[in-house]
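Visitor: Structure for this input, please:
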Amino acid sequence: MFIELTEIIIDGLQSYQNSKNKLRKILVNVTKLQSVYPDSAGKTIIQLRRENIKAEESYEQVVTQIKESMHDGNV
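Guide: This is a model prediction of the structure:
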């Protein structure tokens with residue numbers, strides 16, 4: 001039901017000033033996903049109902065985790 005991802009934390013202008021973004025591990029409930037799509041930098045945007053999360057993992061890695069979670073009968 002949950003997948004573990006590495007979120008890239010973006011703090012408005014601070015993310016443009018610092019070349020290094022902050023990262024943190026998060027768990028995402030796959031039943032709450034609205035959509036998942038790649039960005040131009042090879043990262044993944046996970047769209048939830050009220051917010052978007054930018055993940056460090058590639059689109060293919062995220063989709064694989066979602067499929068494995070569903071295959072395991074967790075959803």
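
Visitor: hey, let's count contacts and neighbours off CA atoms from now on
Guide: Will do.

Visitor: all strands for the protein, in order.
Guide: Under the criterion DSSP state E, the chain contains strands at 2-9, 22-29, 35-38, 44-47, 52-55.

Visitor: how deep is residue 58 tucked in, by neighbour count?
Guide: 16 (other Cα atoms under 10 Å).

Visitor: Check the gap between the most centrally placed residue in the chain and residue 10 for me.
Guide: For the chain, the residue nearest the mean C-alpha position is residue 55 (3.5 Å; Cα atoms, centre = their mean). The gap separating residue 55 from residue 10 is 11 Å, by Cα to Cα, to the nearest Å.

Visitor: Buried residues, the longest helix seen in the chain. List them.
Guide: In the chain, with assignment by DSSP state H, the single longest helix is helix 59-71. By neighbour count with 16 or more other Cα atoms under 10 Å, helix 59-71 contains the buried residues 59, 62, 65-66, 69.

Visitor: tell me what that helix is packed against?
Guide: Helices and strands touching helix 59-71, as assessed by 3 or more Cα pairs under 8 Å, 6 or more residues apart in numbering; DSSP states H and E, comprise strand 2-9, strand 35-38.

Visitor: What strands flank the shortest one, and is each parallel or antiparallel?
Guide: Using DSSP bridges, strand 35-38 pairs in its sheet with strand 44-47 (antiparallel).

Visitor: hmm, who's touching the partner strand?
Guide: Outside of strand 44-47, the residues within contact range by Cα atoms under 8 Å, 6 or more residues apart in numbering are 33-39, 52-59, 62.

Visitor: Residue 65 contacts residue 3, correct?
Guide: Yes - contact criterion Cα atoms under 8 Å: residue 65 and residue 3 qualify, at 6.5 Å.

Visitor: Just give the nearest non-adjacent residue to residue 54, would you?
Guide: Counting by Cα to Cα, 6 or more residues apart in numbering, residue 54 lies nearest to residue 45, which is 4.6 Å off, once chain neighbours are set aside.
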